[in-house]
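Sequence below, structure please.
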Amino acid sequence: MIDKKSHTPEFIDEFLHRLRVERQYSHHTLRSYAVDLIAFEDFLGKRRKKLTQASVRDMRSFIAKLRTGGLAKSTVVRKVSAVRSLYKFLQREGYIEKNPMLALRSSRKEEKLPKFFTRDEIDKLMAVFNTSDWIQARNRAMMETLYGGGLRVSELVSLDDDDLEPGSSAIVVGGKGKKERMAPIGSYARKSIDDYVELRNNAGKRADGERALFVNARNGRRITDRSVRRILRKALLQAGLDAARSPHDLRHSFATHMLQNGADLRTVQELLGHRNLSTTQIYTHLTTNDLKDIYNKAHPRA
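Residues are numbered from 1 along each chain as shown. Now for the predicted structure:
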C-alpha cells in the first residue's frame with residue numbers, strides 16, 4: 001500500500017532537488033527537465049490524471065504526441081528521458097508501485113557528431129578579448145579554461161580560487177556526482193587566469209567573503225552558466241563565427257584536438273571525467289585526412 005502523499009508539484013520539485021544535490025546537475029539541465037516534466041504533467045491533467053495515476057497507455061499517447069509535433073528526434077528523446085528518470089525516482093521512493101515507463105522500449109537518440117571549433121577558429125575567438133580590462137581578461141580566462149581543460153560550463157562556474165594548484169597548470173574540478181578530478185588546463189589558460197586574478201584583485205571587484213574564481217561584473221558574486229553562454233555568443237559575433245555555438249562546443253573541441261594529435265581514448269576519458277569509455281567514443285570522428293596522416297606516420301609499410 002502506498003502511504004506517501006500524492007501531491008503532484010512536490011514530486012517534480014523533490015525530484016529536481018535530488019538531481020541538483022545528489023547528482024550535481026547544472027542549472028541549465030535542471031531548467032530543461034522542469035519544462036519537460038511540467039509539460040508532461042499538463043498532458044496528464046488534460047486527461048484528469050495525476051503523475052501517480054499514469055498508465056502505459058498514457059505514456060504511449062504522450063510519446064506519440066511528441067513524435068507528431070514536429071520536434072527533432074533528439075528533443076523527443078530528451079523529453080522522454082526526463083519522464084523516464086522521474087518515474088524511476090517515484091518508484092524508488094515508494095510513490096508508485098509499478099513504473100509505467102518500464103513497458104516502453106527506450107528511444108535511440110540520433111547519431112550526431114559533436115560540433116567543434118577548428119584550431120583557427122579557436123585563435124580567432126581568443127583574439128577578440130582585450131585583456132587590459134579585468135572583465136575582458138576574465139572572459140578570455142574562462143574561454144581558455146573551457147578549451148584548455150575540456151571543462152563543462154557547470155564545472156567552470158563552480159571553480160574557487162582555492163582550486164588552483166600553486167605553480168601548476170592544473171585545477172581541481174568537481175564533476176558530476178561530486179566526483180573530483182585534477183584537470184590540466186595548459187599554460188595559456190593558466191596565464192590567462194593569473195592575469196585576470198591580478199586585475200580583479202587590484203580593482204577590488206570580488207564581493208566580501210566570495211570564494212568564486214570567476215565573478216559577475218555587477219555584484220562581484222559567482223558568475224552563472226547563463227552569463228558564460230551570453231559572453232561566448234557576443235565574442236563569437238565579434239570574431240565572425242557562428243553565434244549559435246555553445247560553451248560545450250569548446251569541450252568537444254578539446255577532446256577532438258587531443259585525439260587528432262595522437263592522445264589515446266582512455267586518456268581523453270580521464271581528462272573529460274567520463275565514467276564510461278562509450279561516452280568518450282563519440283569523439284572518434286577523425287577526418288579521413290587525419291586518419292591518413294596517422295597511418296602514414298605509424299605504419300612501417302605506409
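
what is the rounded mean pLDDT of stretch 172-179?
Stretch 172-179 shows a mean pLDDT of 69.

Going along the chain, name the helices of this protein.
8-21, 27-46, 56-67, 73-92, 119-127, 134-149, 153-157, 186-203, 225-239, 247-260, 265-272, 277-280, 288-298 (DSSP state H).

quick one, what contacts residue 75?
Under the criterion of Cβ atoms under 8 Å, 6 or more residues apart in numbering, the neighbours of residue 75 are residue 66. Yep, even glycine has a C-beta here, placed from its N, CA and C like the rest.

Tell me which of the helices of the chain sits most buried.
helix 134-149 (a mean of 24; mean count of other Cβ atoms under 10 Å).

Which elements pack onto that one?
Judged by 3 or more Cβ pairs under 8 Å, 6 or more residues apart in numbering; DSSP states H and E, helix 134-149 is in contact with helix 119-127, helix 153-157, strand 170-174, strand 180-184, helix 186-203, helix 225-239, helix 247-260.

right, so of these, which gets closest to residue 146?
With Cβ to Cβ, the closest approach to residue 146 among these belongs to helix 247-260: 4.1 Å.

Residue 67 is nearest to which of the helices and strands packed on helix 134-149?
Closest among the helices and strands packed on helix 134-149, using Cβ to Cβ: helix 247-260, at 26.0 Å.

measure residue 150 to residue 80 for me?
Distance of residue 150 to residue 80, computed by Cβ to Cβ, to the nearest Å: 29 Å.

go on, residue 71?
11 Å.

could you dump the helices of the chain to TSV with distance to residue 102 and mean pLDDT?
TSV is the format used below for these (distance: least, Cβ to Cβ, whole Å; pLDDT from 0 to 100):
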stretch	distance to residue 102	mean pLDDT
helix 8-21	17	80
helix 27-46	17	90
helix 56-67	9	90
helix 73-92	8	89
helix 119-127	45	96
helix 134-149	38	96
helix 153-157	30	92
helix 186-203	45	94
helix 225-239	33	95
helix 247-260	31	90
helix 265-272	30	84
helix 277-280	23	71
helix 288-298	42	62
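
among those, which is nearest residue 167?
Minimum separation from residue 167 across the helices of the chain (Cβ to Cβ) falls at helix 186-203, 9.6 Å.

one step back: and the helices and strands packed on helix 134-149 as JSON lines, adding distance to residue 84?
What follows is the helices and strands packed on helix 134-149, written out as JSON lines (distance: least, Cβ to Cβ, whole Å):
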{"stretch": "helix 119-127", "distance to residue 84": "36"}
{"stretch": "helix 153-157", "distance to residue 84": "22"}
{"stretch": "strand 170-174", "distance to residue 84": "26"}
{"stretch": "strand 180-184", "distance to residue 84": "28"}
{"stretch": "helix 186-203", "distance to residue 84": "37"}
{"stretch": "helix 225-239", "distance to residue 84": "25"}
{"stretch": "helix 247-260", "distance to residue 84": "23"}
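
Out of those, which gets nearest to residue 104?
Nearest to residue 104, of all the helices and strands packed on helix 134-149, is helix 247-260, at 28.7 Å by Cβ to Cβ.

what does that closest one contact?
Contacts of helix 247-260 (Cβ under 8 Å, 6+ apart): 114-117, 119, 122, 143, 146-153, 156, 225, 228-229, 232, 265, 267-268, 271-272, 280, 283-286, 290.

That helix to helix 186-203, inter-axis angle?
150 degrees (axes from the mean of the first three to the mean of the last three Cα atoms, to 10 degrees).

what about residue 161, how many neighbours?
Neighbour count of residue 161, defined by other Cβ atoms under 10 Å: 15.

any idea how far it is from residue 57?
Distance of residue 161 to residue 57, given as Cβ to Cβ: 55 Å.
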